[in-house]
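Chemist: Any chance you can model this:
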Amino acid sequence: MQAYKLNATIDESGHLIIDEPLNIAPGKVEVIILQPVPSSETSTESQPEKPRRKSKVKAFEGLFENAPPTPPDFDPDQARWEALKEKHNL
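Modeler: So this is what the prediction gives:
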């Protein structure tokens, strides 16, 4: 499958409008739509400051800065048990 990258617009009625002519053979195609999301700079005004994770190991200083937060219902013991079951085929 050949990939093409081009710009397009979705109008108010939900139709896809391709902004430039295509120089490809006619036929069926598969369309993947990637929509830009607002950057964290613009969304930080509406969201509270996230607590920063610290590390005592210098090599890991920046590792956790962009990591997603753990869900509130995360159980580390359950996660360990699931990993052990998978590792030892239990």
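Chemist: if I look at residue 56, how far off is residue 89?
Modeler: Using CB to CB, to the nearest Å, residue 56 is found at 36 Å from residue 89. To be clear about C-beta, it is placed using only N, CA and C from the backbone, and glycine gets the same treatment.
Chemist: swap that for residue 61, sorry
Modeler: For residue 61 relative to residue 89 (CB to CB), the value is 37 Å.
Chemist: which of these two has more neighbours?
Modeler: Under the criterion of other CB atoms under 10 Å, the comparison of residue 61 against residue 89 puts residue 61 first, with 11 against 5.
Chemist: At which residues are the strands of the chain located?
Modeler: 8-10, 16-18 (DSSP state E).
Chemist: I'd like to know which of these is closest to residue 24.
Modeler: Checking these against residue 24 by CB to CB gives strand 16-18 as the closest, at 11.2 Å.
Chemist: Could you list the paired strands of that closest one along with their orientation?
Modeler: If you go by DSSP bridges, strand 16-18 pairs up with strand 8-10 (antiparallel).
Chemist: average pLDDT for the strand it pairs with?
Modeler: The average pLDDT for strand 8-10 rounds to 89.
Chemist: Contacts for it, please.
Modeler: 16, 17, 18, 19, 33 (CB atoms under 8 Å, 6 or more residues apart in numbering).
Chemist: now do stretch 19-33
Modeler: For stretch 19-33, contacts defined as CB under 8 Å, 6+ apart pick out 1, 2, 4, 6, 7, 8, 9, 10, 16.
Chemist: Out of these, which is nearest to residue 71?
Modeler: Among the contacts of stretch 19-33, and counting by CB to CB, the member closest to residue 71 is residue 10, at 31.6 Å.
Chemist: tally of neighbours for that closest one?
Modeler: The local packing of residue 10 (other CB under 10 Å) involves 11 other residues.
Chemist: how near is it to residue 4?
Modeler: For residue 10 relative to residue 4 (CB to CB), the value is 18 Å.
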